[in-house]
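coords below, sequence missing:
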Ligand code: AMP
Ligand code: MG
């Protein structure tokens, strides 16, 4: 794939929007670092973020939106979360809140969790892309897995050149470090990641902030799960892959992007089925298969 680098302009944003609506991820500056943005309502587009980054595991991704109104259609904000949003958006603050069940966010975005990280970015390029696509955009940092975040278009090109179709060059980013993340998922606020917004000043803003917490636990089904199953036992619900059909199938054609896109939905379906155990057909470990197998192994233990 040839990666084009276009300066930020109305024309380049229109081209980026066309690609995003066609299901491709594009790199775009935010005020923190360059993000690799894809339509958060399109599971395969989000799977392509993981493919391009070569990320060996699924993390919940931050979703960028135009404004608080749009954020509140996707997540449930309590009083403390809303006050923080009003005070700091647009800006480098991500709020993790309960996901509204009727939102159209793809489950791969939240890695199957019932919560979502939302933010309104302050950079004109990302804002323009949000307006042009009229889609919430999932966007982790635009760098290959394991390398440092990109603060210039040249960094993105060096890291992801040949793997993504377009980089919008908006010059160096202002902040250079990732957003502060605060969870407001019930009761008091919890700091999940330190960042440009000083959180000590927030302690009196309506909710008490607890000492730095860690990442939310990962979604895992509540039932025992068996890996590398060629065929199911009588009490197992089989998640198939390729020619191993199963009750449901991650990708009948053996496509790993499609499989990643369906993974969390099918785990939820298997969990909700009447059978007490889950089995999963073998998934090759190449490309996105590594991230899929990482998640399946965690679910199995
Ligand atoms: P980034 O790589 O900058 O996109 O940041 C992603 C990080 O945001 C994750 O590693 C989490 O720390 C945090 N995050 C996003 N969504 C959630 C969520 N639903 N629950 C907990 N943490 C989240
Ligand atoms: Mg990163």
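Right, received. Where do you want to start? Not measured: the values here are computed from a predicted model. Ligands and ions are numbered 1, 2, ... in the order given.

next SSE downstream of the helix or strand bottoming out on mean pLDDT in the chain?
Across the helices and strands of the chain, mean confidence by mean pLDDT, DSSP states H and E is lowest for strand 209-210: a mean of 64. Next helix or strand after strand 209-210 toward the C-terminus (DSSP states H and E): strand 225-226.

for that following strand, enumerate the helices and strands it packs against.
Strand 225-226 sits against strand 277-280, helix 289-300, with contacts defined as 3 or more C-beta pairs under 8 Å, 6 or more residues apart in numbering; DSSP states H and E. Just so you know, the C-beta spots here come from the backbone N, C-alpha and C atoms, and that holds for glycine as well.

again, only using 7 Å
Contacts defined by 3 or more C-beta pairs under 7 Å, 6 or more residues apart in numbering; DSSP states H and E place strand 225-226 against strand 277-280.

give the helix, strand or coil label for residue 260.
Under DSSP: H, G, I helix; E, B strand; the rest coil, the three-state class of residue 260 is helix.

and the nearest residue to it once chain neighbours are set aside, how many residues sit next to it?
Counting by C-beta to C-beta, 6 or more residues apart in numbering, residue 47 is the residue found nearest to residue 260 once chain neighbours are left out, at 4.0 Å. Using other C-beta atoms under 10 Å as the criterion, residue 47 is surrounded by 28 other residues.

swap in residue 96?
Other residues near residue 96 number 26, with proximity taken as other C-beta under 10 Å.

for it, which non-adjacent residue is closest in space?
Closest to residue 96 by C-beta to C-beta, 6+ apart is residue 183, at 4.0 Å.

can you name the residues of the stretch 1-150 of the chain that neighbour ligand 1?
With C-beta under 6 Å from any ligand atom as the criterion, the stretch 1-150 of the chain meets ligand 1 at residues 59, 60, 61, 62, 96, 110, 113, 115, 116, 117, 140, 141.

in this structure residue 121 contacts residue 89, no?
No - the pair residue 121 and residue 89 does not pass the contact test of C-beta atoms under 7 Å, sitting 8.7 Å apart.

of these two, which one has the most company?
Between residue 121 and residue 89, counted using other C-beta under 10 Å, the more crowded position is residue 121 (28 against 19).

contacts only, for that one.
For residue 121, the contact set (C-beta atoms under 7 Å, 6 or more residues apart in numbering) comprises 30, 31, 64, 90, 127.

can you pick out the most distant pair from the residues you listed?
When the contacts of residue 121 are compared pair by pair using C-beta to C-beta, the farthest-apart members prove to be 31 and 64, with a separation of 11.1 Å.

of these two, which one has the most company?
Of the pair residue 31 and residue 64, residue 64 is the one with more neighbours under other C-beta under 10 Å, namely 29 against 20.

which non-adjacent residue is nearest that one?
Using C-beta to C-beta, 6+ apart and skipping the chain neighbours, the partner closest in space to residue 64 is residue 137 (4.7 Å).

next, give phi and psi for the one you found.
As for residue 137, its main-chain torsions (degrees, to the nearest 10) stand at phi -120, psi 120.

try the one 5 residues further on
Backbone torsions of residue 142, given as degrees, to the nearest 10, read phi -90, psi 70.

which parts of stretch 146-154 are buried?
149, 150, 151, 152, 153 (16 or more other C-beta atoms under 10 Å).

which residues are contacting that stretch?
Where contact means C-beta under 7 Å, 6+ apart, the residues beyond stretch 146-154 that reach it are 5, 33-34, 141-143, 156, 159, 167, 169, 172-173, 176, 178.

just stretch 17-24 next, same as before
26, 37-39, 42, 44-45, 48, 129, 132-133, 135, 165-166.

now it: average pLDDT?
Rounded to a whole number, the mean pLDDT of stretch 17-24 is 98.

begin at 49, not 1, for the rest of this chat.
All right, first residue 49 from here; so that's stretch 65-72.

in strands, which of the contacts of stretch 194-202 fall?
Cross-referencing these with the strands (criterion: DSSP state E) gives 53, 82, 215, 217 as the overlap.

need the buried ones from the residues you listed selected in ChimeraX.
In ChimeraX, a selection of the buried entries from the ones in strands among the contacts of stretch 194-202 looks like this (16+ other C-beta under 10 Å):
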select :82,215,217
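
what's the local residue count around the residue of the chain found nearest ligand 1?
With C-beta to the nearest ligand atom as the measure, residue 165 is the residue of the chain nearest to ligand 1, at 2.9 Å. Each residue near residue 165 was counted by other C-beta under 10 Å, and the total is 27.

isn't it up against residue 110?
Yes - in this structure residue 165 lies within contact range of residue 110 using C-beta under 7 Å: 4.5 Å.

and the helices in the stretch 49-198 of the chain?
58-69, 91-101, 116-122, 127-136, 172-181 (DSSP state H, counting those that start in this stretch).

before I go, just wanted to say thanks for your time.
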